[in-house]
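Student: I'll drop the sequence and a predicted model, then ask my questions.
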Amino acid sequence: MTAQPESKLITLEEFIIQSQSKFPGAKGELSQLLRDIGLAAKIISREVNKAGITNILGYDGTKNVHGESVKKLDLFADQQLISALERSGITSMVISEENDGIVKLSCEGGKYIVYMDPLDGSSNIDVNVSIGSIFSIYMRDGDFDKPAKDAEALQPGNRQVAAGYVLYGSSTTLAYTTGAGVSLFTLDPSLGEFMLSDRRVEIPKHGRIYSINEGSYNSWDLGLKKYIKYCQEEDPETGRPYSARYIGSMVADIHRTLIKGGIFIYPHSKNYPEGKLRLMYECNPLGFIIEQAGGMATDGKIRVMDIEPNAIHQRTPIYIGSPENVEHVMDFLHEYEGQVG
Ligand code: P6P
(Lines give C-alpha, C1' and ligand atoms only; values in the text may rest on other atoms or scores of the structure.)
Protein backbone atom coordinates (compact mmCIF):
# COMPACT_ATOMS: atom_id res chain seq x y z
CA MET A 1 0.00 0.00 0.00
CA THR A 2 1.81 3.17 -1.16
CA ALA A 3 1.27 6.47 0.67
CA GLN A 4 -0.80 8.95 -1.37
CA PRO A 5 1.05 12.25 -2.17
CA GLU A 6 -0.83 15.21 -0.67
CA SER A 7 -2.16 16.22 -4.09
CA LYS A 8 -3.65 12.76 -4.53
CA LEU A 9 -5.50 12.62 -1.18
CA ILE A 10 -9.09 11.61 -1.95
CA THR A 11 -11.87 11.65 0.62
CA LEU A 12 -14.55 8.96 0.87
CA GLU A 13 -17.14 11.43 -0.42
CA GLU A 14 -14.99 12.36 -3.45
CA PHE A 15 -14.28 8.70 -4.20
CA ILE A 16 -17.96 7.76 -4.02
CA ILE A 17 -18.91 10.59 -6.38
CA GLN A 18 -16.08 9.64 -8.79
CA SER A 19 -17.19 5.99 -8.70
CA GLN A 20 -20.83 6.94 -9.28
CA SER A 21 -19.90 8.81 -12.44
CA LYS A 22 -18.90 5.43 -13.91
CA PHE A 23 -22.56 4.36 -13.71
CA PRO A 24 -24.39 6.84 -15.99
CA GLY A 25 -27.81 5.60 -14.86
CA ALA A 26 -26.93 6.02 -11.19
CA LYS A 27 -29.05 8.64 -9.46
CA GLY A 28 -26.64 9.01 -6.57
CA GLU A 29 -28.98 7.40 -4.05
CA LEU A 30 -26.63 4.56 -3.12
CA SER A 31 -23.79 7.09 -3.01
CA GLN A 32 -25.82 9.16 -0.55
CA LEU A 33 -26.50 6.08 1.56
CA LEU A 34 -22.78 5.23 1.70
CA ARG A 35 -21.91 8.81 2.63
CA ASP A 36 -24.50 8.75 5.44
CA ILE A 37 -23.03 5.50 6.79
CA GLY A 38 -19.58 7.11 6.61
CA LEU A 39 -20.79 10.02 8.74
CA ALA A 40 -22.27 7.68 11.36
CA ALA A 41 -18.96 5.79 11.40
CA LYS A 42 -17.07 9.00 12.19
CA ILE A 43 -19.42 9.72 15.11
CA ILE A 44 -19.12 6.16 16.43
CA SER A 45 -15.33 6.27 16.05
CA ARG A 46 -15.19 9.43 18.14
CA GLU A 47 -17.11 7.72 20.98
CA VAL A 48 -15.17 4.44 20.73
CA ASN A 49 -11.90 6.33 20.99
CA LYS A 50 -12.93 8.16 24.14
CA ALA A 51 -15.20 5.51 25.64
CA GLY A 52 -13.08 5.25 28.77
CA ILE A 53 -13.57 8.93 29.52
CA THR A 54 -17.25 9.44 28.88
CA ASN A 55 -18.62 6.58 30.98
CA ILE A 56 -19.93 4.91 27.85
CA LEU A 57 -18.13 1.69 28.68
CA GLY A 58 -19.92 -1.11 30.38
CA TYR A 59 -23.39 -2.56 30.17
CA ASP A 60 -26.64 -0.65 29.95
CA GLY A 61 -28.55 -3.34 31.82
CA THR A 62 -30.62 -4.60 28.85
CA LYS A 63 -30.20 -7.74 26.74
CA ASN A 64 -30.42 -8.00 22.92
CA VAL A 65 -32.56 -10.38 20.91
CA HIS A 66 -30.08 -13.18 21.59
CA GLY A 67 -30.05 -12.75 25.35
CA GLU A 68 -26.60 -11.13 25.22
CA SER A 69 -25.96 -8.25 27.61
CA VAL A 70 -25.92 -5.00 25.63
CA LYS A 71 -23.08 -2.57 26.15
CA LYS A 72 -23.76 1.15 26.05
CA LEU A 73 -21.58 1.60 22.94
CA ASP A 74 -23.65 -1.07 21.14
CA LEU A 75 -26.78 1.01 21.68
CA PHE A 76 -25.03 4.24 20.74
CA ALA A 77 -23.73 2.74 17.48
CA ASP A 78 -27.15 1.28 16.69
CA GLN A 79 -28.83 4.65 17.22
CA GLN A 80 -26.28 6.56 15.16
CA LEU A 81 -26.54 4.21 12.18
CA ILE A 82 -30.35 4.09 12.28
CA SER A 83 -30.46 7.90 12.44
CA ALA A 84 -28.11 8.10 9.45
CA LEU A 85 -30.28 5.72 7.45
CA GLU A 86 -33.41 7.65 8.47
CA ARG A 87 -31.78 10.87 7.22
CA SER A 88 -30.91 9.21 3.90
CA GLY A 89 -34.63 9.13 3.14
CA ILE A 90 -34.21 6.16 0.78
CA THR A 91 -34.09 3.25 3.27
CA SER A 92 -37.34 1.52 4.20
CA MET A 93 -36.17 -1.19 6.63
CA VAL A 94 -33.20 -1.78 8.92
CA ILE A 95 -32.36 -5.12 10.50
CA SER A 96 -29.80 -4.87 13.29
CA GLU A 97 -28.29 -7.33 15.75
CA GLU A 98 -29.52 -4.99 18.49
CA ASN A 99 -33.21 -5.12 17.54
CA ASP A 100 -35.55 -8.13 17.78
CA GLY A 101 -37.54 -7.35 14.66
CA ILE A 102 -37.34 -5.28 11.52
CA VAL A 103 -37.05 -1.52 12.15
CA LYS A 104 -39.36 0.29 9.73
CA LEU A 105 -38.15 3.78 8.84
CA SER A 106 -40.40 6.72 7.98
CA CYS A 107 -39.64 6.30 4.27
CA GLU A 108 -41.89 3.22 4.07
CA GLY A 109 -41.39 2.77 0.33
CA GLY A 110 -37.65 3.38 0.44
CA LYS A 111 -35.63 1.59 -2.23
CA TYR A 112 -33.03 0.09 0.13
CA ILE A 113 -33.01 -2.46 2.95
CA VAL A 114 -29.99 -2.37 5.29
CA TYR A 115 -28.69 -5.10 7.60
CA MET A 116 -26.11 -4.17 10.18
CA ASP A 117 -24.11 -5.28 13.16
CA PRO A 118 -23.62 -1.85 14.69
CA LEU A 119 -20.78 -2.84 16.99
CA ASP A 120 -19.40 -6.30 16.36
CA GLY A 121 -17.04 -7.73 18.97
CA SER A 122 -18.53 -5.62 21.72
CA SER A 123 -17.29 -8.07 24.36
CA ASN A 124 -13.87 -6.55 23.60
CA ILE A 125 -14.89 -2.94 24.27
CA ASP A 126 -13.83 -2.92 27.93
CA VAL A 127 -10.42 -4.42 27.21
CA ASN A 128 -9.54 -1.97 24.43
CA VAL A 129 -9.41 -4.55 21.66
CA SER A 130 -10.48 -3.56 18.12
CA ILE A 131 -14.22 -3.69 17.37
CA GLY A 132 -16.19 -2.96 14.24
CA SER A 133 -19.44 -2.06 12.48
CA ILE A 134 -20.73 -4.14 9.57
CA PHE A 135 -23.35 -3.18 6.97
CA SER A 136 -25.06 -4.96 4.09
CA ILE A 137 -27.31 -3.20 1.58
CA TYR A 138 -30.08 -4.71 -0.56
CA MET A 139 -32.47 -3.15 -3.04
CA ARG A 140 -36.19 -3.93 -2.98
CA ASP A 141 -37.59 -5.63 -6.08
CA GLY A 142 -39.84 -2.74 -7.04
CA ASP A 143 -43.18 -1.10 -6.07
CA PHE A 144 -41.27 1.64 -4.31
CA ASP A 145 -44.53 3.55 -3.91
CA LYS A 146 -45.82 0.77 -1.63
CA PRO A 147 -44.55 0.14 1.93
CA ALA A 148 -41.84 -2.51 2.07
CA LYS A 149 -42.96 -5.94 3.28
CA ASP A 150 -40.95 -7.96 5.84
CA ALA A 151 -40.51 -10.81 3.33
CA GLU A 152 -38.52 -8.49 1.06
CA ALA A 153 -35.74 -8.55 3.66
CA LEU A 154 -35.03 -12.26 3.13
CA GLN A 155 -32.71 -12.07 0.12
CA PRO A 156 -29.60 -14.20 -0.41
CA GLY A 157 -26.22 -12.50 -0.05
CA ASN A 158 -25.62 -12.73 -3.79
CA ARG A 159 -28.22 -9.96 -4.15
CA GLN A 160 -26.36 -7.41 -2.03
CA VAL A 161 -25.80 -4.11 -3.87
CA ALA A 162 -23.15 -2.94 -1.39
CA ALA A 163 -21.47 -4.05 1.83
CA GLY A 164 -18.69 -2.96 4.11
CA TYR A 165 -17.24 -2.61 7.55
CA VAL A 166 -15.63 -0.05 9.81
CA LEU A 167 -12.76 -1.22 12.02
CA TYR A 168 -12.17 0.85 15.17
CA GLY A 169 -8.56 -0.11 15.84
CA SER A 170 -5.19 1.64 16.07
CA SER A 171 -6.73 3.72 13.30
CA THR A 172 -10.32 3.73 12.05
CA THR A 173 -10.57 1.97 8.69
CA LEU A 174 -13.60 1.75 6.41
CA ALA A 175 -13.85 -0.89 3.67
CA TYR A 176 -16.67 -1.13 1.19
CA THR A 177 -17.65 -2.71 -2.10
CA THR A 178 -20.48 -2.15 -4.56
CA GLY A 179 -19.42 -5.19 -6.58
CA ALA A 180 -16.51 -3.55 -8.41
CA GLY A 181 -13.69 -4.41 -6.02
CA VAL A 182 -12.93 -3.37 -2.43
CA SER A 183 -11.65 0.08 -1.45
CA LEU A 184 -10.10 1.00 1.90
CA PHE A 185 -10.21 4.37 3.67
CA THR A 186 -8.47 5.55 6.82
CA LEU A 187 -10.00 8.20 9.07
CA ASP A 188 -7.80 11.28 9.48
CA PRO A 189 -9.00 12.65 12.83
CA SER A 190 -7.35 16.03 12.16
CA LEU A 191 -9.56 16.45 9.08
CA GLY A 192 -12.53 14.36 10.23
CA GLU A 193 -12.44 12.70 6.83
CA PHE A 194 -12.00 9.11 5.62
CA MET A 195 -9.08 9.28 3.16
CA LEU A 196 -8.58 6.70 0.38
CA SER A 197 -5.77 4.33 1.35
CA ASP A 198 -6.24 1.48 -1.15
CA ARG A 199 -8.29 1.88 -4.32
CA ARG A 200 -8.64 -1.85 -4.96
CA VAL A 201 -7.33 -4.23 -2.32
CA GLU A 202 -6.76 -7.89 -3.21
CA ILE A 203 -6.41 -10.79 -0.76
CA PRO A 204 -3.28 -12.99 -1.15
CA LYS A 205 -4.12 -16.22 -2.95
CA HIS A 206 -2.67 -18.15 0.01
CA GLY A 207 -1.79 -17.22 3.57
CA ARG A 208 0.08 -18.76 6.50
CA ILE A 209 -2.36 -17.63 9.22
CA TYR A 210 -5.31 -19.59 10.52
CA SER A 211 -7.86 -17.95 12.80
CA ILE A 212 -10.25 -20.03 14.90
CA ASN A 213 -11.28 -20.31 18.56
CA GLU A 214 -9.52 -23.58 19.42
CA GLY A 215 -11.42 -23.76 22.71
CA SER A 216 -14.21 -25.63 20.88
CA TYR A 217 -11.78 -28.19 19.36
CA ASN A 218 -13.50 -31.19 20.96
CA SER A 219 -16.79 -30.49 19.18
CA TRP A 220 -15.34 -29.98 15.70
CA ASP A 221 -15.91 -32.32 12.76
CA LEU A 222 -12.99 -34.72 12.16
CA GLY A 223 -12.08 -32.99 8.88
CA LEU A 224 -11.61 -29.66 10.66
CA LYS A 225 -9.50 -31.27 13.37
CA LYS A 226 -7.31 -32.85 10.66
CA TYR A 227 -6.98 -29.51 8.82
CA ILE A 228 -5.91 -27.57 11.93
CA LYS A 229 -3.39 -30.32 12.77
CA TYR A 230 -2.11 -30.02 9.16
CA CYS A 231 -1.61 -26.26 9.73
CA GLN A 232 0.41 -27.04 12.87
CA GLU A 233 2.74 -29.68 11.35
CA GLU A 234 6.39 -28.87 10.59
CA ASP A 235 6.96 -28.66 6.82
CA PRO A 236 9.24 -25.81 5.71
CA GLU A 237 8.47 -26.56 2.05
CA THR A 238 4.83 -25.53 2.52
CA GLY A 239 5.63 -22.82 5.04
CA ARG A 240 4.21 -24.77 7.94
CA PRO A 241 3.55 -24.54 10.80
CA TYR A 242 1.19 -21.65 10.07
CA SER A 243 0.64 -18.93 12.66
CA ALA A 244 -2.50 -18.89 14.80
CA ARG A 245 -4.14 -15.48 15.26
CA TYR A 246 -7.56 -14.96 16.88
CA ILE A 247 -8.77 -11.56 18.07
CA GLY A 248 -12.38 -12.46 18.86
CA SER A 249 -13.75 -9.52 16.86
CA MET A 250 -14.81 -10.81 13.45
CA VAL A 251 -14.19 -7.48 11.71
CA ALA A 252 -10.60 -7.35 13.02
CA ASP A 253 -9.92 -11.00 12.13
CA ILE A 254 -11.38 -10.55 8.65
CA HIS A 255 -9.49 -7.28 8.03
CA ARG A 256 -6.19 -9.01 8.93
CA THR A 257 -7.14 -11.92 6.65
CA LEU A 258 -7.95 -9.48 3.80
CA ILE A 259 -4.56 -7.79 4.11
CA LYS A 260 -2.26 -10.71 5.06
CA GLY A 261 -4.17 -13.70 3.68
CA GLY A 262 -5.01 -16.98 5.41
CA ILE A 263 -8.32 -18.28 6.73
CA PHE A 264 -10.88 -17.40 9.40
CA ILE A 265 -13.15 -20.19 10.61
CA TYR A 266 -16.17 -20.24 12.88
CA PRO A 267 -17.57 -23.78 12.54
CA HIS A 268 -20.72 -25.31 13.93
CA SER A 269 -20.10 -26.79 17.37
CA LYS A 270 -21.90 -28.28 20.37
CA ASN A 271 -22.71 -24.78 21.70
CA TYR A 272 -23.58 -23.44 18.26
CA PRO A 273 -25.03 -26.28 16.14
CA GLU A 274 -25.80 -23.80 13.31
CA GLY A 275 -22.56 -21.86 13.85
CA LYS A 276 -22.42 -18.66 15.96
CA LEU A 277 -22.04 -15.92 13.37
CA ARG A 278 -25.03 -14.27 11.72
CA LEU A 279 -25.63 -14.90 8.03
CA MET A 280 -27.28 -11.60 7.09
CA TYR A 281 -25.20 -9.01 8.93
CA GLU A 282 -21.84 -10.68 9.52
CA CYS A 283 -21.16 -13.49 7.04
CA ASN A 284 -22.84 -12.15 3.89
CA PRO A 285 -21.34 -8.63 4.00
CA LEU A 286 -17.87 -9.84 4.98
CA GLY A 287 -18.20 -12.64 2.43
CA PHE A 288 -19.04 -10.05 -0.26
CA ILE A 289 -15.94 -8.02 0.70
CA ILE A 290 -13.62 -11.06 0.69
CA GLU A 291 -15.01 -12.41 -2.61
CA GLN A 292 -14.65 -8.98 -4.24
CA ALA A 293 -11.01 -8.99 -3.12
CA GLY A 294 -10.48 -12.40 -4.77
CA GLY A 295 -11.18 -14.67 -1.79
CA MET A 296 -13.83 -17.25 -0.86
CA ALA A 297 -16.49 -17.62 1.81
CA THR A 298 -18.38 -20.89 2.36
CA ASP A 299 -20.39 -22.57 5.11
CA GLY A 300 -18.25 -25.69 4.66
CA LYS A 301 -20.41 -26.91 1.78
CA ILE A 302 -21.75 -24.00 -0.32
CA ARG A 303 -20.93 -20.34 -0.97
CA VAL A 304 -22.23 -18.33 1.98
CA MET A 305 -23.78 -15.75 -0.34
CA ASP A 306 -25.87 -18.47 -2.02
CA ILE A 307 -27.60 -19.51 1.21
CA GLU A 308 -31.35 -18.81 0.93
CA PRO A 309 -32.20 -17.09 4.25
CA ASN A 310 -35.32 -18.05 6.20
CA ALA A 311 -34.83 -15.81 9.24
CA ILE A 312 -33.26 -12.37 9.68
CA HIS A 313 -31.06 -13.45 12.64
CA GLN A 314 -30.12 -16.91 11.42
CA ARG A 315 -26.63 -18.23 12.01
CA THR A 316 -24.20 -20.10 9.75
CA PRO A 317 -20.81 -21.76 9.98
CA ILE A 318 -18.17 -19.86 7.96
CA TYR A 319 -14.84 -20.66 6.32
CA ILE A 320 -13.55 -17.43 4.76
CA GLY A 321 -10.28 -16.06 3.38
CA SER A 322 -7.63 -16.78 0.74
CA PRO A 323 -9.02 -19.05 -1.99
CA GLU A 324 -6.30 -21.69 -1.66
CA ASN A 325 -6.77 -21.94 2.12
CA VAL A 326 -10.57 -22.19 1.88
CA GLU A 327 -10.41 -24.80 -0.88
CA HIS A 328 -7.90 -26.77 1.20
CA VAL A 329 -10.05 -26.90 4.35
CA MET A 330 -13.06 -27.85 2.18
CA ASP A 331 -11.04 -30.81 0.87
CA PHE A 332 -10.42 -31.99 4.44
CA LEU A 333 -14.09 -31.54 5.39
CA HIS A 334 -15.18 -33.52 2.32
CA GLU A 335 -12.61 -36.30 2.84
CA TYR A 336 -13.64 -36.94 6.46
CA GLU A 337 -17.36 -36.06 6.13
CA GLY A 338 -19.52 -38.00 8.58
CA GLN A 339 -16.51 -39.47 10.41
CA VAL A 340 -16.09 -38.92 14.15
CA GLY A 341 -12.75 -38.62 15.89
P1 P6P B 1 -16.08 -16.56 20.43
C2 P6P B 1 -18.11 -11.26 18.72
O3 P6P B 1 -18.95 -11.52 19.82
C4 P6P B 1 -18.45 -12.25 17.61
O5 P6P B 1 -19.80 -12.09 17.25
C6 P6P B 1 -17.53 -12.06 16.42
O7 P6P B 1 -17.14 -10.74 16.25
C8 P6P B 1 -16.35 -12.95 16.78
O9 P6P B 1 -15.67 -13.43 15.63
C10 P6P B 1 -17.01 -14.10 17.55
O11 P6P B 1 -18.24 -13.58 18.08
C12 P6P B 1 -16.15 -14.57 18.69
O13 P6P B 1 -16.82 -15.67 19.30
O14 P6P B 1 -17.04 -17.69 20.68
O15 P6P B 1 -14.78 -17.04 19.82
O16 P6P B 1 -15.86 -15.63 21.60
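Tutor: Yep, it's here.
Student: check which helix or strand covers Ala41.
Tutor: Applying DSSP states H and E as the criterion places Ala41 in helix 29-49.
Student: low-scoring stretches of this protein, by residue?
Tutor: Along the chain, the parts satisfying pLDDT under 70 run over 1-7, 24-26, 51-58, 71.
Student: report the central residue of it.
Tutor: Centroid-nearest residue in the chain, with CA atoms, centre = their mean: Leu286, separated by 3.8 Å.
Student: you'd agree that one is in a helix?
Tutor: Yes - under DSSP: H, G, I helix; E, B strand; the rest coil, Leu286 falls within a helix.
Student: in the helix holding Ala41, what's buried?
Tutor: 29-45, 47-48 (16 or more other CB atoms under 10 Å). Using the backbone N, CA and C atoms, a C-beta is placed for each residue, glycine as well.
Student: hmm, back to that, residue contacts, the residue nearest to the centre of the chain?
Tutor: Contact analysis of Leu286 by CB atoms under 8 Å, 6 or more residues apart in numbering lists 134, 163, 165, 250-251, 254, 297, 320.
Student: secondary structure and distance to the ligand added to those residues, as TSV?
Tutor: Shown next, in TSV, are the contacts of Leu286 (DSSP: H, G, I helix; E, B strand; the rest coil; distance: CB to the nearest ligand atom, whole Å):
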residue	secondary structure	distance to the ligand
Ile134	strand	9
Ala163	strand	16
Tyr165	strand	11
Met250	helix	3
Val251	helix	7
Ile254	helix	8
Ala297	strand	14
Ile320	strand	11
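Student: any of these buried? List them.
Tutor: 134, 163, 165, 250-251, 254, 297, 320.
Student: what about the helices in the chain?
Tutor: 12-20, 29-49, 72-88, 222-232, 250-260, 284-292, 323-335 (DSSP state H).
Student: so which residues on this structure come close to the ligand?
Tutor: By CB under 6 Å from any ligand atom, the residues of the chain that approach the ligand are 120-121, 123, 213, 248-250, 253, 276.
Student: what subset of these is buried?
Tutor: Neighbour-count burial (16+ other CB under 10 Å) is assigned, among the residues of the chain next to the ligand, to 120-121, 249-250, 253, 276.
Student: how far away from the center of its chain is stretch 321-329?
Tutor: 19 Å (CA atoms, centre = their mean, to the nearest Å).
Student: same check, this time on stretch 173-193
Tutor: 14 Å.
Student: domain ranges for the protein?
Tutor: According to automatic domain parsing, the chain comprises the domains 12-198, 209-335.
Student: how about the ones you listed, which one is nearest Gly341?
Tutor: domain 209-335 (4.2 Å; CB to CB).
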